[in-house]
Structures are given as C-alpha cells and as structure tokens.
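Chemist: 3D model of this:
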Amino acid sequence: MKQLEPATLDRLDRVLSQLAATLEVIYSRRVLEDVLGDLEEVTAAQLRTLKLLSGEPIDGAGLLIGAISQGLRISYPAASKAVDRLVERDLAERKRSDDDARQTFVRLTKRGHEVIEKVRLERQAKLERALQHIGNETAIAEFTKLLEDFTNQSVLDAQDALEVKLETGF
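Modeler: A predicted model of the protein is given here:
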C-alpha cells in the first residue's frame with residue numbers, strides 16, 4: 001500500500017480518538033450507569049475491573065488483586081480500591097485462599113454477572129440502533145472485518161514494540 005496523505009492520517013487519528021471516547025463513555029460507562037441507576041457513579045478503573053472479572057467462570061475462584069492490577073496495568077492500591085467499591089455495591093466478592101490466607105481472590109457476585117449481562121444486551125441494542133443507517137448486513141460485516149483487522153494489527157505492532165523495549169531496555 002502506498003503512503004497515506006497526511007490529511008487522511010489526521011482525519012483517521014481524530015476519528016479513532018472520538019471512537020475510543022465514544023466506546024468508553026456511551027457504550028461502557030453510560031450503559032453501566034443506566035443499568036445500575038443514576039445514584040451509582042462508575043469510575044474507569046471499576047468499569048475495567050468489572051470487565052476483567054466478567055471473563056472468569058461463574059463457579060471459578062476468581063482473580064487475585066495482583067492479577068487485576070497487572071491485567072489493568074494499574075497499581076495494586078488502585079486495583080484494591082476499585083475492588084472495594086465493587087464489593088460495596090454487591091457486584092464483586094472477596095474470598096481468602098484456602099491454601100494461603102495472604103491471598104484474596106475476587107470474583108463477580110450473582111448481581112455482578114446479572115449487571116454484566118444487562119450491559120451486554122444494552123450495548124448490543126445501542127450498536128444496532130447506531131448501525132441502522134448502514135442498513136445492510138454485508139456492509140456491517142465488512143466494517144466489522146476492517147475493525148478486526150485494524151485491532152489485530154495494532155495489537156501485533158504493540159507487542160512487537162513491547163518486545164523491543166524489553167530486549168533493549170528502551
């Protein structure tokens with residue numbers, strides 16, 4: 001592919017920044033706040049913690065706070081604080097390890113899983129409304145494929161950069 005025009009790259013950069021903000025605010029935080037109700041503000045760390053925990057099996061032990069910290073790339077105290085707020089809202093629960101009392105596992109509660117499912121369904125409804133103007137299943141599938149390809153390549157590029165940084169120390 002030939003080199004893109006600077007104006008095209010500038011426009012794409014603006015659109016991607018707007019997309020990232022839209023996904024965070026409209027399709028994540030606002031949906032979660034709608035499901036939980038107006039009285040429950042949700043921080044970005046709490047939202048990301050919920051998402052991370054939602055990948056764990058319902059009957060699983062959960063994740064250690066250290067794993068949450070690493071998975072979200074936030075400090076241990078920030079992860080612990082986010083977990084505390086989720087526990088206060090009955091969205092997550094802590095359980096001491098049977099093998100090592102110093103280890104505490106965190107997992108979603110039944111309410112937490114219900115909230116995540118409601119959020120998933122509401123997000124799909126919002127996406128469907130937003131994509132209605134395209135009106136064509138084939139165009140939506142092609143758009144999805146382009147986004148998948150872009151995301152996959154971006155992740156590969158980020159991994160390559162991280163490996164170089166680890167190897168060189170820079």
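
Chemist: where are the low-confidence patches of the protein?
Modeler: For the chain, applying pLDDT under 70 flags the ranges 38-40, 161-170.

Chemist: Okay, Leu108 and Leu32: tell me how far apart.
Modeler: 13 Å (Cβ to Cβ, to the nearest Å). The way it works is simple: take the backbone N, C-alpha and C, and place the C-beta from them, glycine included.

Chemist: sorry, that was for Phe143
Modeler: Here Phe143 is placed at a distance of 25 Å from Leu32 (Cβ to Cβ).

Chemist: These two - which one has more neighbours?
Modeler: Taking neighbours as other Cβ atoms under 10 Å, Phe143 and Leu32 compare with Leu32 leading, 22 against 13.

Chemist: which neighbours do Leu108 and Leu32 share?
Modeler: Both Leu108 and Leu32 are in contact with Leu50, where contact means Cβ atoms under 8 Å, 6 or more residues apart in numbering.

Chemist: For this protein, which segments count as helices?
Modeler: 6-24, 30-36, 44-54, 65-72, 76-88, 110-131, 137-168 (DSSP state H).

Chemist: If you count neighbours, what's buried in the shortest one?
Modeler: Residues of helix 30-36 classed as buried: Val31, Leu32, Glu33, Val35, Leu36 (neighbour count, 16 or more other Cβ atoms under 10 Å).

Chemist: same thing with the third one?
Modeler: With burial defined by 16+ other Cβ under 10 Å, the residues of helix 44-54 counted as buried are Ala45, Gln46, Leu47, Arg48, Thr49, Leu50, Leu52, Leu53, Ser54.
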